[in-house]
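Student: I would like the atomic coordinates for the input below:
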Amino acid sequence: MQIRAVLDFFRRVNSCYDVVMKLISRLTLPVKVGLGFGLAGLLLTVIGIVRGQVPLAPLNVAIALVIGGGVWFVVAWAVATAAVDVEREIGD
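Tutor: Numbering: from 1, shown residues only. Modelled structure (predicted):
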């Protein structure tokens with residue numbers, strides 16, 4: 001009985017993995033780059049919060065996370081978009 005439950009669990013996990021991979025494959029390269037750097041910005045922000053650089057009020061933490069991840073995302077997305085546009089123009 002437990003083996004069947006474990007197999008069902010792994011089937012569900014595999015199904016979720018397939019959905020996530022389909023969503024990621026539909027994203028453009030600049031968005032993927034932006035998401036990667038945005039996640040890095042979030043990680044660095046969390047490290048800063050843990051080290052005590054941000055007051056632990058919920059609004060302060062939320063704003064720090066939005067600014068930390070959002071700015072990294074926007075800048076990386078803009079640079080990647082410009083690079084893709086330049087490469088496309090050179091190819092034409």
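
Student: roughly how far apart are residue 85 and residue 91?
Tutor: 11 Å (C-beta to C-beta, to the nearest Å). C-beta here means a position set from N, CA and C on the backbone, and glycine is covered the same way.

Student: which other residues reach the helix-or-strand element of the chain with minimal mean pLDDT?
Tutor: Of all helical and strand segments in the chain, the minimum by mean pLDDT, DSSP states H and E falls on helix 2-26, at a mean of 84. Applying C-beta atoms under 8 Å, 6 or more residues apart in numbering, the contact partners of helix 2-26 are residue 32.

Student: Pull up the per-residue confidence for residue 34.
Tutor: Residue 34 is assigned 96 on the pLDDT scale.

Student: before we move on, which element is it in?
Tutor: helix 29-50 (DSSP states H and E).

Student: how distant is that helix from the center of its chain?
Tutor: Distance, stretch centre to chain centre, for helix 29-50: 6 Å (C-alpha atoms, centre = their mean, to the nearest Å).

Student: List the buried residues of the lengthiest helix in the chain.
Tutor: Criterion DSSP state H: the longest helix present in the chain is helix 58-91. For helix 58-91, a neighbour-count test (16 or more other C-beta atoms under 10 Å) marks 64-65, 68-69, 72-73, 76-77, 80-81 as buried.

Student: Ok, stretch 32-46 next?
Tutor: 33-35, 37-38, 41-42, 45-46.

Student: For it, give me every contacting residue.
Tutor: 24, 27, 54, 64-65, 67-77, 79-80.

Student: Quick check: the gap between the residue nearest to the spatial centre of the chain and residue 9.
Tutor: Nearest to the centroid of the C-alpha atoms of the chain, with distances taken as C-alpha atoms, centre = their mean, sits residue 35, at 3.7 Å. Counting by C-beta to C-beta, the gap from residue 35 to residue 9 is 28 Å.

Student: now residue 70
Tutor: From residue 70 to residue 9 the distance is 35 Å (C-beta to C-beta).

Student: swap in residue 65?
Tutor: Taking C-beta to C-beta, one finds residue 65 at 31 Å from residue 9.
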